[in-house]
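*Asks:* Need a 3D model of the sequence below.
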Amino acid sequence: MNDDGARGFLFAHEVSRMLAVIDPDRAEVFWKLLGAFSGGQVSEFHIPQTEAHPKSKIAFRGRTMKKQEYVIVTPVEPDEQSKDRMDAVDKRRVFVVHGRNTDARDALFTFLRSINLDPIEWEEAVHMTDEASPYLGDVLEAAFEKAQAAVVLLTGDDISRLGKYYLTPYDTSDERNPTPQARPNVLFEAGMAFGKYSRRTVLVGLGPTRPFSDVVGRLVVRISNDHESRQKLANRLRNAGCDVKIDYKSDWLKAGDFDAALRNPDLPGGKILVRLSVVKREASFTPDATYKRKVWIQLRNETDECLELRDPSWKGALGGMKGAIRSQTIQLKLGPYWCPEKIGVDRLHLPPGDLCKLWIEPGEEHQMDALKQLCESETPLGVLTITANSVHVPISV
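*Replies:* The predicted model follows:
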């Protein structure tokens, strides 16, 4: 080990001494993380035993020794005990981390059971510790140990924004405006899950939530009643090693009502977050227009406040309609007229109870006759996501 490396381990040892006084378990985790970042695992821990924690699992050969021992980190293969634990884990068990939205939690549990998985209930996780009054960390540790995968359900239960003092010209709207955010305990427990089982942790988002930078780049499954999102979640769980069974079954496509669990956390009574209802959908063909083929979606503001609408996007459903939303497509209904008459706008303010509409250009694979029949049927076309008063609102069409 060179001088820089030796100094680094000396510093790490001093940090571990302080941690051992506060919490010896965290001191052990500290050394494990150090080993992980060094490309190996730590097989011995030489951290001082303290009076505050005389029964610490971490051993040291006496506090009065002048010669102190340091950990040498070397790459090792996973031990047989770890392999045996993985083999013994029930592939159907899944631990779900969730916030205050119990309707969303119930929908997810129903869905998981429909694909042959067995989610761990909270009281069951408490029982796994074999303690009458366990610490929260012990409950999570026990549940993670018994589960094949961890599912972190992100729902916008809190409202948050960055303090104005810290804003910069480059900050996005979710930093500037009050935006739904997952509960702090959910974010903390998500970090615990990723720290222990990054390859077996699945992030699931329901409705709009404020992003957090530590998971930027990790794909979040945006769950809804849409068949495609359910398929994605089932695939992720299967990739995590879970015993997912959906072949030749169809109940899982409807099990758990996620759309009904959408909430605006800042409205009294838990009012449903989807504040825009779909009034009409219609396919049209205009031979002399720049974009000849259009599918119009009419929306009504169902709230008692004026909504600023902007940034619409479209995602087709399985068996629905693929397409794209062009710029300046939103129109407002004033009396019998749609305004602006021939071309829309990028954003507008929609008063309570009023109507607006926008159009989607369908993919070339869709024939006009088939589109008209599709719009008149009960088949879901897809999901329209639009920003309403700085909140991203997904609407099933």
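*Asks:* quick one: the strands in the stretch 201-350 of the chain?
*Replies:* 201-206, 221-222, 276-285, 293-301, 307-316, 323-324, 331-334, 337-339, 347-350 (DSSP state E, counting those that start in this stretch).
*Asks:* For the closest residue to Ser284 other than its chain neighbours, grab the count of nearby residues.
*Replies:* Closest residue in space to Ser284, ignoring its immediate chain neighbours: Lys294 at 5.2 Å, by CB to CB, 6 or more residues apart in numbering. Any C-beta I mention is one placed from the backbone N, CA and C, and that applies to glycine too. By the criterion of other CB atoms under 10 Å, Lys294 has 21 neighbours.
*Asks:* ok, Lys294 to Ile343 distance?
*Replies:* 12 Å (CB to CB, to the nearest Å).
*Asks:* Let's see the pLDDT reported for the nearest residue to Asp354 once chain neighbours are set aside.
*Replies:* Nearest in space to Asp354, with sequence neighbours left out and distances taken as CB to CB, 6+ apart, is Asn301 at 5.7 Å. Looking at Asn301, its pLDDT is 87.
*Asks:* Tell me who's in contact with Asn301.
*Replies:* Contacts for Asn301 (CB atoms under 8 Å, 6 or more residues apart in numbering) come out as Arg275, Leu276, Leu307, Leu350, Pro351, Pro352, Gly353, Asp354, Cys356.
*Asks:* Dihedrals phi and psi, the last one?
*Replies:* Read it as Cys356. Cys356 adopts backbone torsions of phi -140, psi 170, taken as degrees, to the nearest 10.
*Asks:* give me the beta-bridge partners of it?
*Replies:* Using DSSP bridges, the beta-bridge partners of Cys356 come out as Leu299, Leu332.
*Asks:* Please work out how many residues are found near it.
*Replies:* Look at Cys356: counted by other CB under 10 Å, it has 26 neighbours.
*Asks:* any idea how far Cys339 is from it?
*Replies:* According to CB to CB, Cys356 and Cys339 sit 10 Å apart.
*Asks:* low-confidence ranges in the stretch 101-250 of the chain?
*Replies:* 213-218 (pLDDT under 70).
*Asks:* how does it look with 80?
*Replies:* Low-confidence segments of the stretch 101-250 of the chain, defined by pLDDT under 80: 172-174, 177, 207-208, 211-219.
*Asks:* can you confirm Leu187 is in a helix?
*Replies:* Yes: counting by DSSP: H, G, I helix; E, B strand; the rest coil, Leu187 is found in a helix.
*Asks:* Give me the helices and strands touching whichever strand or helix holds Val94, please.
*Replies:* Using DSSP states H and E, Val94 falls within strand 93-97. Counting contacts by 3 or more CB pairs under 8 Å, 6 or more residues apart in numbering; DSSP states H and E, strand 93-97 packs against helix 102-114, strand 118-120, helix 136-146, strand 149-155, helix 184-197.
*Asks:* Please identify the most buried of these.
*Replies:* strand 149-155 (a mean of 27; mean count of other CB atoms under 10 Å).
*Asks:* what distance separates that strand from the centre of its chain?
*Replies:* Averaging C-alpha positions (CA atoms, centre = their mean, to the nearest Å) puts strand 149-155 6 Å from its chain's average.
*Asks:* and what of stretch 169-180?
*Replies:* On the basis of CA atoms, centre = their mean, stretch 169-180 sits 19 Å off its chain's mean C-alpha point.
*Asks:* what does stretch 254-266 give?
*Replies:* Stretch 254-266 sits 14 Å away from the centroid of its parent chain (CA atoms, centre = their mean).
*Asks:* Grab the CA positions of that stretch and hand them over as PDB.
*Replies:* Extracted C-alpha coordinates of stretch 254-266, given in PDB (Å, rounded to 0.1, in the frame of the first residue of the first chain):
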ATOM      1  CA  LYS A 254     -56.900  -5.600 -14.500                       C
ATOM      2  CA  ALA A 255     -55.900  -6.500 -10.900                       C
ATOM      3  CA  GLY A 256     -55.400  -3.400  -8.800                       C
ATOM      4  CA  ASP A 257     -56.900   0.000  -9.800                       C
ATOM      5  CA  PHE A 258     -53.900   2.300 -10.000                       C
ATOM      6  CA  ASP A 259     -55.700   5.200 -11.800                       C
ATOM      7  CA  ALA A 260     -58.300   5.400  -8.900                       C
ATOM      8  CA  ALA A 261     -55.400   5.700  -6.400                       C
ATOM      9  CA  LEU A 262     -54.100   9.000  -8.000                       C
ATOM     10  CA  ARG A 263     -54.400  11.800  -5.500                       C
ATOM     11  CA  ASN A 264     -53.500  15.500  -5.200                       C
ATOM     12  CA  PRO A 265     -52.000  15.600  -1.700                       C
ATOM     13  CA  ASP A 266     -52.700  19.400  -1.300                       C
END
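*Asks:* Would you mind listing the buried residues in that stretch?
*Replies:* Neighbour counts using 16 or more other CB atoms under 10 Å place Ala255, Gly256, Phe258, Asp259, Ala261, Leu262, Arg263, Asn264, Pro265 of stretch 254-266 among the buried residues.
*Asks:* Pipe these into CSV and attach distance to Phe285 per row.
*Replies:* Below are the buried residues of stretch 254-266 laid out as CSV (distance: CB to CB, whole Å):
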residue, distance to Phe285
Ala255, 39
Gly256, 38
Phe258, 35
Asp259, 31
Ala261, 38
Leu262, 34
Arg263, 39
Asn264, 38
Pro265, 43
